[in-house]
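Participant: Return atomic coordinates for the entry below.
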Amino acid sequence: MKLIVHGGAGNITDFAIRVPGLVKACKIGYEILKSGGKAIDVVQAVVVEFENNPYFNAGTGCVLNIEGEAELDASIMTDDMKAGAVAGIKRVKNPILVARKVMEETDHILLVGEGAERFARIMGFPKYNPVTAKSKERLEKDIKKLKMGKNTTERYFPKIKKLIDEYGTVGACAMDKFGNLAAATSTGGVIMDLPGRVGDTPIIGAGTYACKTGAVSCTGWGECLIKLGTAKFVCDSMKTMSPQAAVNKAIKLIGGMKGDAGIIALDKKGKIGFGFNTPKMLWAYVDENGKIQHCK
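Facilitator: Alright, predicted model coming up:
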């Protein structure tokens with residue numbers, strides 16, 4: 001039984017405040033593993049905990065687009081190649097739960113926008129507003145800076161003078177007692193992005209991937225991660241190298257593309273790997289002794 005989780009990578013604010021929530025999410029997942037739970041239920045529970053915690057950029061309190069709306073992305077996948085995802089979905093509390101319904105209740109993999117929200121209602125998910133006063137305040141401050149010409153970080157989206165503070169995607173990879181693997185990822189995107197923008201999180205093979213070789217969840221500059229097909233790239237690399245070596249290889253390639261990323265990976269042998277090329281990353285995993293190790 002193995003579990004590794006992440007709470008985003010980047011220029012993370014309130015880092016120390018987020019660590020307890022990171023550890024709590026990991027503990028919740030591990031308790032399910034110890035009780036004989038399935039890998040898919042473990043990664044789902046971990047991500048739901050993150051989505052419910054306003055200190056993470058997933059679900060409640062996530063960052064807002066340039067029009068002040070919360071557009072949520074999430075995906076989930078198991079090693080038997082079953083997958084489900086939603087992108088640009090609004091007014092739901094836990095997009096990862098909707099993503100799983102897409103996997104289990106439809107013949108599709110990805111539902112987006114209004115269609116995804118209508119599907120959520122059909123599945124019984126009530127309307128919910130994930131926007132918080134704090135997320136509104138943050139957006140207003142950043143827009144004010146942009147209008148005053150104080151934005152100096154235009155590296156990622158120079159065409160719209162993008163102001164990036166952090167990448168707050170959350171995710172988990174797990175292997176249960178049966179040896180089954182699963183991965184899940186969720187995000188509110190990046191602050192001040194254009195309405196309708198979709199990053200790597202809901203793209204199977206980019207932000208999330210699972211197969212008999214391993215499971216991967218990514219965070220970072222979505223446009224770059226999509227181009228590389230990062231999650232699948234790491235899974236494919238684990239066929240001939242350790243998870244850590246596979247992660248290191250991907251991070252190096254992303255850096256060569258002038259991109260930023262954080263990656264967690266777990267292979268079929270239960271070995272883990274994680275890495276990032278950003279100032280910080282929130283990570284935690286359960287070690288061989290059943291103890292949770294985490295970032296400081």
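
Participant: so how far is residue 115 from the closest residue to residue 9 other than its chain neighbours?
Facilitator: Spatial nearest neighbour of residue 9, chain neighbours left out: residue 262 (2.8 Å); criterion: C-beta to C-beta, 6 or more residues apart in numbering. C-beta: built from backbone N, CA, C; applies to glycine. Using C-beta to C-beta, to the nearest Å, we find residue 262 at a distance of 30 Å from residue 115.

Participant: which of those two has more neighbours?
Facilitator: Neighbour count, other C-beta atoms under 10 Å: between residue 262 and residue 115, residue 262 has more, with 28 against 13.

Participant: and that one, backbone torsions?
Facilitator: When read as degrees, to the nearest 10, the backbone of residue 262 gives phi -140, psi 140.

Participant: Please enumerate the strands of the stretch 1-150 of the chain.
Facilitator: Secondary structure of the stretch 1-150 of the chain, counting by DSSP state E, counting those that start in this stretch: strands at 2-10, 72-78, 83-89, 110-112.

Participant: Residue 97 is nearest to which of those?
Facilitator: For residue 97, the closest of those is strand 72-78, at 8.4 Å, according to C-beta to C-beta.

Participant: per-residue confidence for residue 134?
Facilitator: Predicted confidence (pLDDT) for residue 134: 84.

Participant: What are the boundaries of the helices in the chain?
Facilitator: Assigned helices in the chain, in chain order: 15-34, 39-52, 95-105, 113-122, 133-147, 222-228, 230-237, 243-256 (criterion: DSSP state H).

Participant: Those helices: which one's closest to residue 216?
Facilitator: The closest of these to residue 216 is helix 230-237. By C-beta to C-beta, the value is 4.2 Å.

Participant: contact partners of that closest one?
Facilitator: Contacts to helix 230-237, defined as C-beta atoms under 8 Å, 6 or more residues apart in numbering, come from residues 183, 200, 204-211, 213-218, 225, 243, 245-247, 249-250, 253-254, 261, 263, 265.

Participant: Of the residues you listed, grab the buried ones for ChimeraX.
Facilitator: Per 16 or more other C-beta atoms under 10 Å, the buried members of the contacts of helix 230-237 correspond to this ChimeraX selection:
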select :183,200,204,205,206,207,208,209,210,211,213,214,215,216,217,218,225,243,246,247,250,254,261,263,265
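
Participant: thinking again about what came up before, closest to residue 277 out of the strands of the stretch 1-150 of the chain?
Facilitator: Checking the strands of the stretch 1-150 of the chain against residue 277 by C-beta to C-beta gives strand 2-10 as the closest, at 8.4 Å.

Participant: and that closest one, which residues are buried?
Facilitator: 2, 3, 4, 5, 6, 7, 8, 9, 10.

Participant: Of these, which pair is most distant in space?
Facilitator: The distance between the two most remote of the buried residues of strand 2-10 (C-beta to C-beta) is 25.5 Å, for 2 and 10.

Participant: quick one: low-confidence parts of this structure?
Facilitator: 145-167 (pLDDT under 70).

Participant: Just give me the neighbour total for the residue lying closest to residue 126 once chain neighbours are set aside.
Facilitator: Nearest residue to residue 126, sequence neighbours excluded (C-beta to C-beta, 6+ apart): residue 93, at 7.9 Å. Counted with other C-beta under 10 Å, the neighbours of residue 93 add up to 19.

Participant: Distance check, the nearest residue to residue 292 once chain neighbours are set aside against residue 58.
Facilitator: Spatially, and ignoring its direct neighbours in sequence, residue 292 is nearest to residue 26 (5.3 Å; C-beta to C-beta, 6+ apart). Using C-beta to C-beta, residue 26 is found at 15 Å from residue 58.

Participant: what's the answer for residue 180, then?
Facilitator: As judged by C-beta to C-beta, residue 180 and residue 58 stand 24 Å apart.

Participant: And those two? Which one has more around it.
Facilitator: More crowded of residue 180 and residue 58, by other C-beta under 10 Å: residue 58, with 34 against 19.

Participant: just checking, the more buried one touches residue 72?
Facilitator: Yes: with contact defined as C-beta atoms under 8 Å, residue 58 reaches residue 72; the gap is 7.4 Å.

Participant: Now for those two: what residues contact both?
Facilitator: Joint contacts of residue 58 and residue 72 (C-beta under 8 Å, 6+ apart) are 95, 186, 187, 188.

Participant: residues in contact with the second one?
Facilitator: In this case it means residue 186. When the contact criterion is C-beta under 8 Å, 6+ apart, the partners of residue 186 are 47, 50-51, 58-59, 72-75, 95-96, 169-171, 201.

Participant: Alright, that wraps it up for me.
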